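**Q** generate a structure from the sequence data that follows.
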Amino acid sequence: MNVLCLDLEGVLVPEIWEVIADVVGVEELRLTTRDVVDYDELMTHRLTVLERHDVSYSSICQAIEGIEPFEDAAAFLDDMRSCFQLAILSDTFYEFALPLMAKLGNPFLLCHRMKVVEDRVVGYQLRQDDPKTQAVRSLQSLNLRVMAAGDSFNDVGMLKQANKGFFFNAPASISDRFPTIETVSTYAGLKERLSEFSD
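**A** This next block holds a predicted model:
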């Protein structure tokens, strides 16, 4: 059985921080891993903005409760379960993502942890360095063949390490920089390409 590793935001659900930015009314929070290559730099920016604008953790959670998966995302995952073991590899946080996992049929999720004190986000704990690439490499060490799809700079290592990786609906500003990685733009297109690698 092959394993399919998918990014979460931009692939199955909207960018969480963009939704948070819209709900709490802080435009500076709209930056994502599509915009900033260095994840620590991006998170330092986010934490600084949250503190400056006194954005509470509870208001963030309330914004996330309103997020729905992309149309057909859950159905796509259901289709993939018949051919692949599924793993969601994300640079989001369990505190953010678990409500969304329930809407996607609770696939296996690997991501990071938030540090919350008195209803304020004060830091974060990475699962490990370069976690998506490391997860793919670990699965391959178990003699599993790994397919992967993502849309951002932080997915590139995962896509290159996978036996076959795809950009999914990635902006040209990213995909054009990595022409060796194939791009698909719809679930139907991704399903078709993945069917060539299913057992």
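**Q** mind listing the helices for the chain?
**A** Secondary structure of the chain, counting by DSSP state H: helices at 16-24, 39-52, 57-65, 73-81, 94-103, 131-141, 156-161, 172-175, 187-194.
**Q** in the second one, what's buried?
**A** Taking 16 or more other CB atoms under 10 Å as the basis for neighbour counts, the residues of helix 39-52 that come out buried are Y39, L42, M43, R46, L47, V49, L50. In this view, the C-beta of every residue, glycine as well, is placed from N, C-alpha and C.
**Q** what is that helix packed up against?
**A** strand 120-125 (3 or more CB pairs under 8 Å, 6 or more residues apart in numbering; DSSP states H and E).
**Q** P99: neighbouring residues, count only.
**A** The number of residues packed near P99 is 13, by other CB atoms under 10 Å.
**Q** in this structure it contacts Q62, no?
**A** No - the criterion here is CB atoms under 8 Å, and P99 misses it with Q62 at 10.8 Å.
**Q** where are the low-confidence patches of this protein?
**A** Low-confidence segments of the chain, defined by pLDDT under 70, are located at 198-199.
**Q** ok, the nearest residue to G150 once chain neighbours are set aside - contacts?
**A** Of all residues not flanking G150 in the chain, D7 sits nearest, at 3.5 Å (CB to CB, 6 or more residues apart in numbering). Counting by CB atoms under 8 Å, 6 or more residues apart in numbering, D7 touches I88, L89, S90, K132, A149, G150, D151, S152, D155, M158, F168.
**Q** just checking, A87 touches C111?
**A** No - with contact defined as CB under 8 Å, A87 does not count as touching C111 (11.0 Å).
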